[in-house]
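Colleague: Have a look; sequence and predicted model below, questions after that.
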Amino acid sequence: MPQSNTVEVLYQDHHSWLTGWLRRKLGCPQSAADLAQDTFMRLLTARETPSPAEPRAFLTVVAKRVLFNHYRRQDLERAYLLALAEMPEQLAPSEEERAIILQTLMELDQLLDGLPCPVKQAFVLAQVDGLSHAQIGARLGISIATVKRHLSKAALRCYFAL
């Protein structure tokens with residue numbers, strides 16, 4: 001069966017069940033509907049969608065990944081808004097700049113997903129905070145050579161993602 005037919009059948013048979021499952025997890029019908037749609041969009045854009053023997057278990061696994069990304073985006077947005085609140089008002093970006101920066105942060109977070117935490121930290125300290133290799137090493141308690149390796153890993157991930 002072609003992939004789009006598989007997703008169509010899953011959607012028709014299990015969309016309302018998945019939306020209800022997400023509503024119980026989130027407590028918000030609008031967010032549940034959005035994340036159910038995101039789950040099916042993920043299936044549509046996947047290279048291959050299997051015809052699962054247990055469709056609800058399969059959809060639960062995919063939806064949990066979507067839900068995890070949703071929570072990560074929320075955490076990232078909260079951290080960004082907290083950093084903005086600590087900025088002097090005259091230096092704060094406009095609403096349009098805020099939206100662009102937040103979108104860029106989310107895309108960067110996705111690019112770096114799967115890398116070890118120290119690699120991500122080194123990359124952010126270099127690219128966002130503008131710290132030198134020596135400063136990053138001192139902050140993370142690692143050698144300059146390790147900082148360079150971490151930054152190379154992160155840069156390669158970003159380069160090959162593009």
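Modeller: Thanks, I have it.
Colleague: Next secondary structure element downstream of the worst-scoring helix or strand of the chain on mean pLDDT?
Modeller: When the helices and strands of the chain are scored by mean pLDDT, DSSP states H and E, helix 95-112 comes last with a mean of 86. Downstream of helix 95-112, the next assigned helix or strand under DSSP states H and E is helix 117-127.
Colleague: Now do that following helix against helix 95-112, angle only.
Modeller: Using axes from the mean of the first three to the mean of the last three Cα atoms, to 10 degrees, the inter-axis angle of helix 117-127 relative to helix 95-112 is 140 degrees.
Colleague: the inter-axis angle of the following helix or strand past helix 117-127 versus helix 117-127?
Modeller: Counting by DSSP H and E, the next helix or strand C-terminal to helix 117-127 is helix 133-140. Relative orientation of helix 133-140 and helix 117-127, computed by the same axes, to 10 degrees: 140 degrees.
Colleague: Could you name the helices and strands sitting against helix 133-140?
Modeller: In terms of contacts (3 or more Cβ pairs under 8 Å, 6 or more residues apart in numbering; DSSP states H and E), helix 133-140 is packed against helix 117-127, helix 144-161. Yep, even glycine has a C-beta here, placed from its N, CA and C like the rest.
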